[in-house]
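**Q** For reference, the sequence and a predicted model appear below.
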Amino acid sequence: MKAWLGLGLTLAAVLAAAFAPWLASHDPLSANFAAFLKPPGTPGHPLGTDQLGRDLLARVLHGARLALFIGACTVVITALVGGTLGLIAGFVERWPSTALMRLADVQLSFPFILLALTINAIVGLGLRNIIISLSAAGWVIYARVVRGEVLSVKQREFVHAAAALGMSRWRLLFRHILPNVAPSIIVVASLQFSQFIVAEAAISFLGFGVQPPTPAWGSMLSESRDFLYIAWWLAAFPGAALALTALGVNLVGDWLRDTLDPKLRV
């Protein structure tokens with residue numbers, strides 16, 4: 001049941017993002033001061049309008065596009081970088097492995113969101129830089145998980161048999177070890193996706209992420225703070241979209257974890 005709920009919520013978010021221009025006829029950036037703070041149900045504005053008269057439905061849907069794009073880009077980058085480093089560290093087992101794990105221990109001593117904020121403050125604002133900061137803060141989970149899996153797979157009999165038959169180290173790595181590690185990478189990616197979406201919203205809420213007037217759920221929540229008592233919908237709909245999307249992705253991640261890699265159950 002939870003898996004179907006998660007798949008439904010995730011699919012709804014993906015479809016809303018993909019068909020945003022057709023689901024909302026208004027331009028999310030177009031201001032109309034004559035439509036200032038219209039409540040939900042107003043003709044032509046199903047979710048109402050914001051403090052500049054912009055259609056809230058259009059902004060929420062286009063915010064979904066941005067959130068899913070950032071989450072997908074960050075997951076791909078962190079999986080490639082962290083997975084590659086974890087493969088090398090687990091397979092080589094010399095000083096690169098030790099150095100990588102010490103670096104990972106240092107990075108894990110900092111809260112994820114604080115580290116991402118710090119990196120974002122260094123590299124600057126904008127869409128590209130928030131992807132860079134989240135990727136730099138998130139690769140370490142993949143590296144640790146993949147390294148542990150590689151160390152386990154290396155001890156299995158079929159790996160020793162392949163090595164005894166003269167298979168090269170690189171072929172052994174990509175032919176036998178990587179396919180057995182891939183399910184763990186997929187599981188971690190599914191669980192990290194929602195974390196990256198929420199982290200992006202938090203960073204944008206604090207003003208360090210995607211800058212207005214670009215519709216982003218975090219910046220929309222930040223802008224709504226001054227109107228909470230007179231326009232509840234400004235915070236309710238972006239917040240609900242963020243919560244439901246994160247919930248859906250988390251449920252899908254839990255299902256993939258239980259299905260593909262039970263060893264990662266907590």
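**A** Looks like it came in fine.
**Q** Can you tell me the closest non-neighbouring residue to residue 121?
**A** Leaving aside its chain neighbours, residue 121 sits nearest to residue 208 (6.3 Å; criterion: Cβ to Cβ, 6 or more residues apart in numbering). All C-beta atoms are positioned from the backbone trio N, CA, C, and that covers glycine.
**Q** tell me which element that neighbour falls in.
**A** Residue 208 belongs to no helix or strand when assigned by DSSP states H and E.
**Q** May I ask you to confirm that it is in contact with residue 118?
**A** No - in this structure residue 208 lies outside contact range of residue 118 using Cβ atoms under 8 Å: 9.8 Å.
**Q** the more surrounded of the two?
**A** Between residue 208 and residue 118, counted using other Cβ atoms under 10 Å, the more crowded position is residue 208 (20 against 15).
**Q** where does the more buried one fall, phi/psi-wise?
**A** Backbone dihedrals for residue 208, given as degrees, to the nearest 10, come out at phi -100, psi 0.
**Q** in the protein, which ranges drop under the pLDDT threshold?
**A** The model of the chain has pLDDT under 70 over residues 93, 261-266.
**Q** can you pull out the helices in the protein?
**A** 2-18, 20-23, 56-92, 95-108, 112-123, 127-153, 157-164, 169-172, 178-205, 217-223, 233-260 (DSSP state H).
**Q** With distance to residue 50 added, can I get these in JSON lines?
**A** Formatted as JSON lines, the helices of the chain follow (distance: least, Cβ to Cβ, whole Å):
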{"stretch": "helix 2-18", "distance to residue 50": "18"}
{"stretch": "helix 20-23", "distance to residue 50": "17"}
{"stretch": "helix 56-92", "distance to residue 50": "6"}
{"stretch": "helix 95-108", "distance to residue 50": "38"}
{"stretch": "helix 112-123", "distance to residue 50": "25"}
{"stretch": "helix 127-153", "distance to residue 50": "21"}
{"stretch": "helix 157-164", "distance to residue 50": "58"}
{"stretch": "helix 169-172", "distance to residue 50": "55"}
{"stretch": "helix 178-205", "distance to residue 50": "15"}
{"stretch": "helix 217-223", "distance to residue 50": "7"}
{"stretch": "helix 233-260", "distance to residue 50": "6"}
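**Q** Please identify which of those is closest to residue 39.
**A** helix 233-260 (6.6 Å; Cβ to Cβ).
**Q** name the helices or strands packed onto that closest one?
**A** Counting contacts by 3 or more Cβ pairs under 8 Å, 6 or more residues apart in numbering; DSSP states H and E, helix 233-260 is packed against helix 2-18, helix 56-92, helix 178-205, helix 217-223.
**Q** Tell me which of the ones you listed lies nearest to residue 233.
**A** Closest to residue 233 of these, according to Cβ to Cβ: helix 56-92, at 6.5 Å.
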